[in-house]
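Asker: this is a predicted model, with the sequence first.
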Amino acid sequence: MKGKILFCLVVAASLIAGCANNQGGGLTTTEKSALGAGALGAGLGAIIGSQSGNAGAGVAIGTAAGLLGGGLVGSQVEQQERSTMSQEERLRRQEEEIARQRRELEELRRQGGSDSYNRGGSTSGYQGYNNRNSGSNDQYY
């Protein structure tokens, strides 16, 4: 009976490990989770099954339940990891763009008063409507 349990565990582990054909050669988060939960389910199924007199069925049921539950949880975790990586990549690109714009602003500041916004003597570059037309009675053209 213990031989059947061991055989079932080895077969289940081999099937899951055979799924490790992704580019890195290692297991994905989903596969790791399914493998761990499947092994835990097989162990618990063997214990419960041996108490009821059918350890083999307990191992099979426990392994299947563990694989399914672990796979679902692992899939959710993996999806969250991908989402986080995507957000981090967008953040990195935005930070690069901000740095590029800061360099561009510094370059414009070094060029001095050659820009058209600085002609009116304003240090901020923005003169506003009333400042531009301060001597005119025509507020509307």
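Answerer: Sure, I can see it. Numbers count the residues shown, from 1 in each chain.

Asker: and R110, how many neighbours does it have?
Answerer: 7 (other Cβ atoms under 10 Å). In this view, the C-beta of every residue, glycine as well, is placed from N, C-alpha and C.

Asker: give me the three-state assignment for it.
Answerer: At R110 the chain is in helix, as set by DSSP: H, G, I helix; E, B strand; the rest coil.

Asker: how close does it get to E104?
Answerer: The gap separating R110 from E104 is 11 Å, by Cβ to Cβ, to the nearest Å.

Asker: got it, and A34?
Answerer: Distance from A34 to E104, by Cβ to Cβ: 50 Å.

Asker: more neighbours, these two?
Answerer: Neighbour count, other Cβ under 10 Å: between A34 and E104, A34 has more, with 26 against 10.

Asker: please tell me I have it right and the more buried one contacts E78.
Answerer: No: contact criterion Cβ atoms under 8 Å: A34 and E78 do not qualify, at 10.9 Å.

Asker: avg pLDDT for stretch 43-58?
Answerer: Per-residue pLDDT over stretch 43-58 has a mean of 84.

Asker: then stretch 84-102?
Answerer: For stretch 84-102, mean pLDDT is 97.

Asker: which elements pack onto whatever helix or strand L68 lives in?
Answerer: Assigned by DSSP states H and E, L68 falls within helix 55-111. Packing partners of helix 55-111 (3 or more Cβ pairs under 8 Å, 6 or more residues apart in numbering; DSSP states H and E): helix 2-17, helix 29-52.
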